[in-house]
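>>> here are the coordinates; sequence isn't available:
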């Protein structure tokens, strides 16, 4: 679920969560996700059975039309809009620096670091990293106890907006973006339940972070994407790697219309196919050889290396 705020409002939702803080004149979009399950890229010997089974059964071959259809549905539309619709590409066109705020509860900052590193490794042309400098950050991840989610939303959005979010989305975690008049994302925020089980936490983290990067919509008609209320992944799947690599190709610019994207999409998709194919090989060797390496880097059970497979206006 996602919610989008501008000077007016836009909401898109996926049962059970929301996120973000005010962004002044920037259009702020909040995306909500109702967490059901999910785990990130973790060593083979520690991976949740729920994630392992999804990874093993993941479909990895898609036609051009299937990828194109998903991109237009996920990158342009919004589940629920409170402001005037504007179907344009929204993305960062500058380095993305993520600052993680850990409230009382489990400290899962290293796990967010692993998720961010996994996304960076699988999306070409996306300069994204965690920073310890709040002033340098244009993306904030808030880790809060689940019982304080509503309180956090009220603090960020005010009572009226929080009530609207609660009634419309009943979120469990949340993401949102602030865009300028050229549809460039200038600020993003994510709220995650730090005390959730691994499956829920990682499913939430991957979806919310990726949506805050510009993969904004949820659509039930696309069965292969995590941006679907009926689908839970917990890792960065192949299909969504295609979508994000299209979005962050330099030929896809903020503010582009569907017709403009369609004109360059054949070449962009060809490039995305080559990148996704190369970055996911060899897949099995990646997972099997990374536990010790991940621990050595201080990432606990989650690896910062590539996984073997992998809304608003």
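Received the coordinates, thanks. All figures in this text were calculated on a predicted structure; none of them were measured in a lab.
>>> for the helix or strand containing residue 155, packing partners?
Following DSSP states H and E, one finds residue 155 within helix 149-157. With contacts taken as 3 or more Cβ pairs under 8 Å, 6 or more residues apart in numbering; DSSP states H and E, helix 149-157 sits against helix 159-169, strand 173-179, strand 185-193. To be clear about C-beta, it is placed using only N, CA and C from the backbone, and glycine gets the same treatment.
>>> To residue 76, which of these lies closest?
Residue 76 sits nearest to strand 173-179 of all these, at 13.4 Å, using Cβ to Cβ.
>>> That closest one vs strand 185-193, what angle?
For strand 173-179 against strand 185-193, the angle by axes from the mean of the first three to the mean of the last three Cα atoms, to 10 degrees is 170 degrees.
>>> Tell me which other helices or strands strand 173-179 touches.
Strand 173-179 packs on strand 2-5, strand 27-33, helix 149-157, strand 185-193, helix 198-212, going by 3+ Cβ pairs under 8 Å, 6+ apart.
>>> which residues touch residue 150?
162, 166 (Cβ atoms under 8 Å, 6 or more residues apart in numbering).
>>> Give me the distance between it and residue 122.
Using Cβ to Cβ, to the nearest Å, residue 150 is found at 33 Å from residue 122.
>>> any idea how far the residue nearest to the spatial centre of the chain is from residue 158?
Among the residues of the chain, residue 210 comes closest to the average C-alpha position under Cα atoms, centre = their mean, at 1.8 Å. Note on residue 210: its distance to residue 158, by Cβ to Cβ, is 27 Å.
>>> Just the buried positions in stretch 224-233, please.
224, 225, 226, 227, 228, 229, 231, 232, 233 (16 or more other Cβ atoms under 10 Å).
>>> Could you do stretch 58-73 as well?
For stretch 58-73, by 16+ other Cβ under 10 Å, it's 62, 66, 67, 68, 70, 71, 72, 73.
>>> pull the helix or strand with minimum mean pLDDT from this protein.
For the chain, the helix or strand with the lowest mean confidence is strand 9-11, at a mean of 33 (criterion: mean pLDDT, DSSP states H and E).
>>> Only the buried residues of the top helix by length along the chain, if you could.
For the chain, the longest helix by residue count, based on DSSP state H, is helix 258-279. By 16+ other Cβ under 10 Å, the buried positions in helix 258-279 come out as 261, 265, 268, 269, 271, 272, 275, 276, 279.
>>> Quick one: neighbours of the nearest residue to residue 92 once chain neighbours are set aside, just the number.
Nearest residue to residue 92, sequence neighbours excluded (Cβ to Cβ, 6 or more residues apart in numbering): residue 185, at 4.8 Å. Neighbour count of residue 185, defined by other Cβ atoms under 10 Å: 25.
>>> what about residue 218, which SS state?
coil (DSSP: H, G, I helix; E, B strand; the rest coil).
>>> And it, how close does it get to residue 275?
Taking Cβ to Cβ, one finds residue 218 at 25 Å from residue 275.
>>> same thing with residue 86?
Residue 86 is 29 Å from residue 275, by Cβ to Cβ.
>>> Then residue 257?
From residue 257 over to residue 275 (counting by Cβ to Cβ), the distance is 24 Å.
>>> before we move on, the earlier item: need the winner for burial among the helices and strands packed on helix 149-157.
strand 173-179 (a mean of 31; mean count of other Cβ atoms under 10 Å).
>>> Next, the buried residues of the helix holding residue 155.
For helix 149-157, a neighbour-count test (16+ other Cβ under 10 Å) marks 149, 150, 152, 153, 154, 156, 157 as buried.
>>> Let me know the closest of those residues to residue 97.
Nearest to residue 97 among those: residue 156, at 19.7 Å, using Cβ to Cβ.
>>> pLDDT below threshold where in this protein?
1-46, 78-85, 282-313 (pLDDT under 70).
>>> Just want the angle from the strand or helix carrying residue 246 to helix 198-212.
Residue 246 belongs to helix 238-247 when assigned by DSSP H and E. Between helix 238-247 and helix 198-212, the angle comes out at 20 degrees (the same axes, to 10 degrees).
>>> and helix 238-247 with helix 258-279, angle?
Using the same axes, to 10 degrees: helix 238-247 against helix 258-279 is 120 degrees.
>>> all strands of the stretch 1-150 of the chain, in order?
Applying DSSP state E, counting those that start in this stretch to the stretch 1-150 of the chain gives strands spanning 2-5, 9-11, 27-33, 96-102, 128-130, 139-144.
>>> Mind listing what's buried along the fourth one?
The neighbour-count criterion (16+ other Cβ under 10 Å) identifies 96, 97, 98, 99, 100 as the buried residues of strand 96-102.
>>> Remind me what that strand packs against, helices and strands.
Strand 96-102 sits against helix 109-122, strand 128-130, strand 139-144, with contacts defined as 3+ Cβ pairs under 8 Å, 6+ apart.
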